[in-house]
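Asker: Pasting the sequence and the predicted coordinates here, then a few questions.
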Amino acid sequence: MRIRKKYLFYALAFTSAIVAAGVSAIDSTISNLYIPNAWAFGFSCFLVGTFISLLIVIIFSIPVNNKESLGTKIIDPSFKRIRLVRKEEIKFHMIAGLGNAVLTLGYLSLLSILGDPSTVLPFSQIVILYLIIIESITEKNMPTLSEIQSSIIVTFGAILVSISLTGSISLEAFAIVFLVVNPAWVVFSIYQRKLKLLKIDNRPNDSLNIRLWNVIFACIITTILIVIYDMFMGTGYLIEGISASIEHFNWVALTMGVTFFSYVFYIRALGIGKASVTQAVRASAVLFAIPFALIVSYYNVIPPFSTDPVMILIKIIGTILVILGIISFALAMTKAYVFITVNPGYPIDETMNKLWNIRGVTRVTATAGKFDFIIKIRIRTLVKGYEKIIRKLEEIEAINKFKWESVLKEWEDI
């Protein structure tokens, strides 16, 4: 089956958001009723999650029609079967695992403080601003004014949604958000994207193996962090986490099984779009979390929401801002291919480097035939971006002529 690439990106990101919202309700139930200690809960998540993730990937490795695996058919076309981690992946997995470990412990700490999952998720969307700053430093594709505006709209809309449901703000929660959760999420997102963009056996890296090995590395790192904490603070969180994994295995297995699919869809979306854009779309989880929060509130897992009309109005305003910000992201992206012929006598490598250094160029390909190079462009604000790229191309002496073709639609296997 094939689908337009843009539609696939939003389908993956929104699906991840919906599943993440459901996970937050399950986590809230576990945190409030069964495992109140965030350290023990976090360790049990990775301990049980390693087993559950391994089981899921093994099931999806079952061959279908003696050619493709079950996971290839229904989850990720890049997936072939379960495999060992490769040498070139280890560095990225270690950093992403550290980010996941710290992120999870911070997230569960927030959940133990705030209780309400529809509050925890909005607070964590501030990470979009972090990602915009990081990408502006590390990537050639600088964010445009419209991209920055959209990110700010989504971020503050998400904060308003959280305030509207609780009627108050916790300073301790904000400290965890700004100093722990969001920095860890930035590291996690960026290195998960690097892993997705790697080529393994001459094919794109797959999201299922990425998720499996991320859980394994995160489990190892979490174990080390908790052992160190127990040694210096005299606590027994490691033993408590092991006990929780045994006593509440079903609940923890449920949340980690559902989380597995949320992150698989998220990783696939990261392979298509920028981390900041992917996170902005996934911020729709703050909207989907509201009905799940109402359900756990109905069963007295968390306190009832405020019915103050002012708080309800703030919630509506925040919801509208999030939707507008996501729509703004959706409408701004422009892609194109430029077909280039060069004058004889100029070094190929030098010309390729000059093309690659043009801001907005995401791929440079040397070809044999009518054209010498084909470059892929991804920009926002078409008019200004087009003018800047054309000006840069005209400055390269080796180029004889070029032809710009804008992309109307793209399809991809799902």
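Answerer: Great, that's in hand.
Asker: Now the helix or strand where residue 47 lies: buried residues?
Answerer: Under the criterion of DSSP states H and E, residue 47 resides in helix 38-60. Buried residues in helix 38-60, counting neighbours by 16 or more other CB atoms under 10 Å, are found at 38-53, 56-57, 60. Heads up, the C-betas are built off the backbone N, CA and C, glycines and all.
Asker: Please apply the same query to stretch 61-73.
Answerer: In stretch 61-73, the ones that count as buried by 16+ other CB under 10 Å are 61, 69, 71, 72.
Asker: tell me the mean pLDDT over it?
Answerer: Stretch 61-73 comes out with an average pLDDT of 83.
Asker: Need the contact partners of it.
Answerer: Applying CB atoms under 8 Å, 6 or more residues apart in numbering, the contact partners of stretch 61-73 are 57, 59, 60, 78, 79, 80, 81, 82, 206, 208.
Asker: hang on, the fifth one in a helix?
Answerer: No. According to DSSP: H, G, I helix; E, B strand; the rest coil, residue 79 belongs to no helix; its state is coil.
Asker: tell me what the one helix or strand residue 28 maps to is packed against?
Answerer: Remark: residue 28 resides in helix 5-33, with elements defined by DSSP H and E. Using 3 or more CB pairs under 8 Å, 6 or more residues apart in numbering; DSSP states H and E as the contact test, the elements touching helix 5-33 are helix 38-60, helix 87-114, helix 117-124, helix 249-270, helix 275-282, helix 285-298, strand 411-413.
Asker: Of all those, which one comes closest to residue 18?
Answerer: Minimum separation from residue 18 across those (CB to CB) falls at helix 285-298, 5.0 Å.
Asker: Any buried residues in that closest one, and which?
Answerer: By 16+ other CB under 10 Å, the buried positions in helix 285-298 come out as 285, 286, 287, 288, 289, 290, 292, 293, 296, 297.
Asker: do stretch 90-106 as well
Answerer: Neighbour-count burial for stretch 90-106, counted by 16+ other CB under 10 Å, picks out 92-93, 95-106.
Asker: coming back round to it: tell me the mean pLDDT for the helix holding residue 28?
Answerer: pLDDT averaged over helix 5-33 gives 84.
Asker: Using CSV, lay out the contacts of stretch 61-73 together with distance to residue 243.
Answerer: Converted to CSV, these look like this (distance: CB to CB, whole Å):
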residue, distance to residue 243
57, 27
59, 28
60, 31
78, 39
79, 35
80, 38
81, 35
82, 30
206, 35
208, 30
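Asker: State the pair within those that is farthest apart.
Answerer: Based on CB to CB, the longest span within the contacts of stretch 61-73 runs between 59 and 78 and measures 17.5 Å.
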